[in-house]
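>>> For reference, the sequence and a predicted model appear below.
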Amino acid sequence: MESWEKDGGVRFLKKIGLRSGQRVLDFGCRVGHYTIPAAKAVGEEGIVYALDKESDALNELNRKVIVHDLTNVKVTKTSGQLKLPLESGAIDVALCYDVLHYFMKDERTKLYQELFRILNKNGLLSVYPKHTLEDNPSKELQYLRSYDIRREIQNAGFQFNRRHCGLLSHDDSLNQGCVLNFSKC
């Protein structure tokens with residue numbers, strides 16, 4: 001994962017639209033396999049808000065932030081609530097990678113509404129809908145296709161932009177996958 005966090009993840013996140021100076025939310029960041037490359041992609045002028053409810057994962061992320069000498073990461077422990085501790089319109093890009101399977105449909109709807117709230121008018125929502133019917137089905141997404149997730153997000157007011165496929169981080173390894181990018185309407 002070191003190579004992914006140092007280079008591969010940075011390239012992928014730039015490909016999906018991250019740019020220098022942006023404010024990014026990594027929702028459900030765990031140990032930072034996307035937080036670290038996002039922080040490098042947005043540079044010192046940008047900031048990455050890394051939110052998770054798992055203390056051990058956040059401790060590991062804090063260690064990595066120090067090792068990578070990053071000053072633009074704000075790690076925040078949440079209680080798992082769907083009310084995000086960010087101001088309306090404060091975020092340029094929200095990453096919601098490999099977390100949707102933990103939420104029931106009504107909770108996902110609330111999450112999409114919160115993501116819509118915190119994104120600025122040109123904001124980008126990037127979702128990795130892992131664990132759908134097509135990709136290692138599990139938990140709340142096991143009977144849904146990525147198209148169903150796309151439709152849920154569009155119903156929350158987002159406009160689908162495009163799909164980006166490539167090598168992605170999943171847990172502590174890499175696999176082929178696709179993310180879905182949306183913009184605020």
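Everything's here; your move. Residues are numbered from 1 along each chain as shown.
>>> Might you quantify the distance of the helix or strand of the chain with the lowest mean pLDDT from its chain's geometric centre?
One helix or strand of the chain scores below all others by mean pLDDT, DSSP states H and E: helix 2-3, with a mean of 90. Averaging C-alpha positions (Cα atoms, centre = their mean, to the nearest Å) puts helix 2-3 19 Å from its chain's average.
>>> Show me what the next helix or strand after that helix is packed up against.
Counting by DSSP states H and E, the element after helix 2-3 in chain order, helix or strand, is helix 9-16. Helix 9-16 sits against helix 35-42, strand 158-170, with contacts defined as 3 or more Cβ pairs under 8 Å, 6 or more residues apart in numbering; DSSP states H and E. All C-beta atoms are positioned from the backbone trio N, CA, C, and that covers glycine.
>>> Among those, show me which one is buried the most.
Among the helices and strands packed on helix 9-16, ranked by average contacts under mean count of other Cβ atoms under 10 Å, first place goes to helix 35-42 (a mean of 27).
>>> Show the pLDDT at the closest residue to Arg162 other than its chain neighbours.
In this structure, Arg162 finds its nearest non-sequential neighbour in Asn181, 5.6 Å apart by Cβ to Cβ, 6 or more residues apart in numbering. Looking at Asn181, its pLDDT reads 98.
>>> that's a helix at Asn181, yeah?
No: counting by DSSP: H, G, I helix; E, B strand; the rest coil, one finds Asn181 to be strand, located in no helix.
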